[in-house]
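>>> sequence first, then the predicted structure:
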Amino acid sequence: MTDKVFLPLDPLLSNELRLGIMSILTTAEYADFTYIKNTTKATSGNLSIQIDKLEKAKYIKVKKTFKGKMPQTLCSITPTGTQALADYVKALRSYLNTDTIK
């Protein structure tokens with residue numbers, strides 16, 4: 001039996017909501033706050049906090065604009081965020097026994 005090597009998991013992405021935000025942003029050029037909120041079923045306050053954490057880590061970029069007279073918050077994933085998510089997925093796979101999981 002060979003020794004299993006577990007890669008470190010990024011604690012920032014181990015949060016369900018932050019992981020959900022990152023997942024949404026990998027499939028779109030950008031997503032607005034309302035779309036992310038509705039998709040993740042998060043509260044506005046919690047979503048704002050988690051977006052701020054991802055932005056401070058430079059995983060996402062946040063742009064505040066207006067759509068007509070309404071403020072709009074747009075989020076997009078950065079190259080740093082894309083790499084962090086890829087590394088997270090790779091690390092998570094190191095914990096799984098793919099021979100027994102279907």
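Structure received. Numbers count the residues shown, from 1 in each chain.
>>> and the helices in this protein?
Assigned by DSSP state H, the helices in the chain fall at 16-26, 33-40, 44-56, 79-95.
>>> show me what the third one is packed against.
Secondary structure elements in contact with helix 44-56, counted by 3 or more Cβ pairs under 8 Å, 6 or more residues apart in numbering; DSSP states H and E, are helix 16-26, helix 33-40, strand 60-67. The way it works is simple: take the backbone N, C-alpha and C, and place the C-beta from them, glycine included.
>>> and that helix, which residues are buried?
Of the residues in helix 44-56, 47, 50-51, 53-54 count as buried by neighbour count, 16 or more other Cβ atoms under 10 Å.
>>> same deal with the second one?
Using 16+ other Cβ under 10 Å as the burial criterion, the residues of helix 33-40 that qualify are 33, 36-37, 40.
>>> tell me, how many residues neighbour Ile60?
Other residues lying near Ile60 total 24 when counted by other Cβ atoms under 10 Å.
>>> I should have written Pro79 there, sorry.
When counting by other Cβ under 10 Å, one arrives at 9 neighbours for Pro79.
>>> and Thr43, how far from Leu13?
To Leu13, Thr43 is 20 Å away according to Cβ to Cβ, to the nearest Å.
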